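# Sequence and computational prediction follow.
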Amino acid sequence: MDVRIGIIQSPKELEVELKDDADRDKVVAEIEKLLKSGDGVLWLTDRKGRRIGVPVAKVAYIEVGAPTAERRVGFGAP
């Protein structure tokens, strides 16, 4: 599952590819909880085990992609 984060006053996006077994609902719930509080750091762990932290106050938007199992590649992809 991919998570794309837009940072305030930055033209680039931060893209994090989470582990295959990451629970999408838990990730979204954690993001929503931190964004509502408006304070703290959003920590995500990528496929390689690296931890990425983003100050919640600097987040412009977050896009959570589909789990890897739902992706289709090739001529049959919509």
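Done, it's in. Residues are numbered from 1 along each chain as shown.

# So what touches stretch 4-21?
Stretch 4-21 is contacted by residues 1-3, 27, 42, 44-47, 52, 54, 58-63, 65, 67-69 when judged by C-beta atoms under 8 Å, 6 or more residues apart in numbering. For the C-beta atoms, the positions are set from N, CA and C on the backbone; glycine is no exception.

# hmm, which of the residues you listed are the buried ones?
Met1, Val3, Val27, Leu42, Leu44, Val54, Val59, Ile62 (16 or more other C-beta atoms under 10 Å).

# Out of those, name the ones that lie in helices.
Val27 (DSSP state H).

# Out of the buried ones among the contacts of stretch 4-21, the closest to Leu34 would be?
Taking C-beta to C-beta as the measure, Leu34 lies nearest Leu42 of the buried ones among the contacts of stretch 4-21, at 5.3 Å.

# Next, the contact list for that closest one, please.
Neighbours of Leu42 in contact, by C-beta under 8 Å, 6+ apart: Ile5, Glu30, Ile31, Leu34, Gly53, Val54, Pro55, Val56, Val59.

# residues contacting the second one?
Just to be clear, that refers to Glu30. Contacts of Glu30 by C-beta under 8 Å, 6+ apart are Leu42.

# give me phi/psi at it?
phi -70, psi -40 (degrees, to the nearest 10).

# Helices along this structure, start to end?
Using DSSP H, the helices of the chain run over 24-37.

# re the thing from before, may I ask which two of the contacts of Leu42 are separated the most?
Spatially, the most separated pair among those is Glu30 and Pro55, at 15.1 Å (C-beta to C-beta).

# can you give me how far the lowest-mean-pLDDT helix or strand in the chain is from the chain middle?
Least confident helix or strand of the chain, by mean pLDDT, DSSP states H and E, is helix 24-37 with a mean of 90. For helix 24-37, the separation from the chain centroid amounts to 10 Å (computed by C-alpha atoms, centre = their mean, to the nearest Å).
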